[in-house]
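# build the 3D model from these lines:
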Amino acid sequence: MKREDQVPAYYPVFLNISGRKCVVVGGGQVALRKVKALLEHGADVEVISPDLCPELVQLAGSGEIRVLAREYRAGDLKKAFVAIAATGDTGVNQRVVAEARKGAVLVNVVDDAENSDFIVPSYLRRGEVTVAVSTSGRSPALARKIRTRLEKELGDEYASLTHLIGEVRAEVKREGMKVDGDRWQKALDLDLLLELLSRGDEAEAKAILLSNLKKQE
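Model (predicted):
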């Protein structure tokens, strides 16, 4: 196999970045997309760039992000958990990578998987359900296409189902029932439960799920 054909076997993981410092180096539209995703997941975001697109200026003005309106400098990643290099300047991006590696900061360089510790998948959310799609950096367009198809198949009822299962789990625990993973799998009649939830019949869906669990005792 040629070296260019060798793709890392990426380990799928979901990071908790809520309240943690994440630094984005760059101020254009690409940086903006990264900033929005970080904010969506509760990160404490700092942007470093001498020039900012209007949307980033607005986010800074509203206090949603902090901005260092200058070029990146060594030491800017201090106490950072995640760093994203989105400058379009290979030299600057490489300096970000070098500091990140030295300081044990997870780093992503936009459109440069080889120099990144992680890549960002295309994802969709339905409440607490998150589905991520990755092609290991081979084809972001394909990952997006697959995600778009899944968006059509996974409706908002999945968010309702997650909430419902949480309620049932709490009730099962209060009753002292011991339910393993296999029993949950058998009890989750997805087609029926989703149909009920799509009609707004949460009580019936909950009753059926509880009944299915108890049948297996």
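# what's next to the lengthiest helix in the chain, contact-wise?
As assigned by DSSP state H, the longest helix anywhere in the chain is helix 157-174. Residues outside helix 157-174 that contact it (Cβ atoms under 8 Å, 6 or more residues apart in numbering): 126-129, 179, 188, 190, 193-194, 197-198, 202, 205-206, 209-210, 213. Using the backbone N, CA and C atoms, a C-beta is placed for each residue, glycine as well.
# so which of those residues are in strands?
126, 129 (DSSP state E).
# just the buried members of the contacts of helix 157-174?
126, 179, 193, 194, 197, 202, 205, 206, 209, 210, 213 (16 or more other Cβ atoms under 10 Å).
# among these, show me the least confident.
Lowest pLDDT of these: residue 179, 88.
# all helices of the chain, in order?
29-40, 54-61, 90-102, 140-153, 157-174, 181-187, 190-198, 202-215.
# what residues of stretch 8-28 count as buried?
Buried residues in stretch 8-28 (16+ other Cβ under 10 Å): 17, 20, 21, 22, 23, 24, 25, 26, 27.
# pretty sure the third one sits against residue 76.
No - when contacts are counted by Cβ atoms under 8 Å, residue 21 is not listed as touching residue 76 (10.8 Å).
# looking at the buried residues of stretch 8-28, which two lie furthest apart in space?
20 and 27 (21.4 Å; Cβ to Cβ).
# re the thing from before, list just the nearest of the buried ones among the contacts of helix 157-174 to residue 119.
Nearest to residue 119 among the buried ones among the contacts of helix 157-174, with distances taken as Cβ to Cβ, is residue 126, at 22.6 Å.
# now the closest one, which residues is it bridged with?
Beta bridges link residue 126 to residue 129, judged by DSSP bridges.
# can I assume it is in contact with residue 154?
Yes - between residue 126 and residue 154 there is a contact at 5.6 Å, judged by Cβ under 8 Å.
# look up how far residue 76 lies from residue 84.
Between residue 84 and residue 76 the computed distance is 12 Å (Cβ to Cβ, to the nearest Å).
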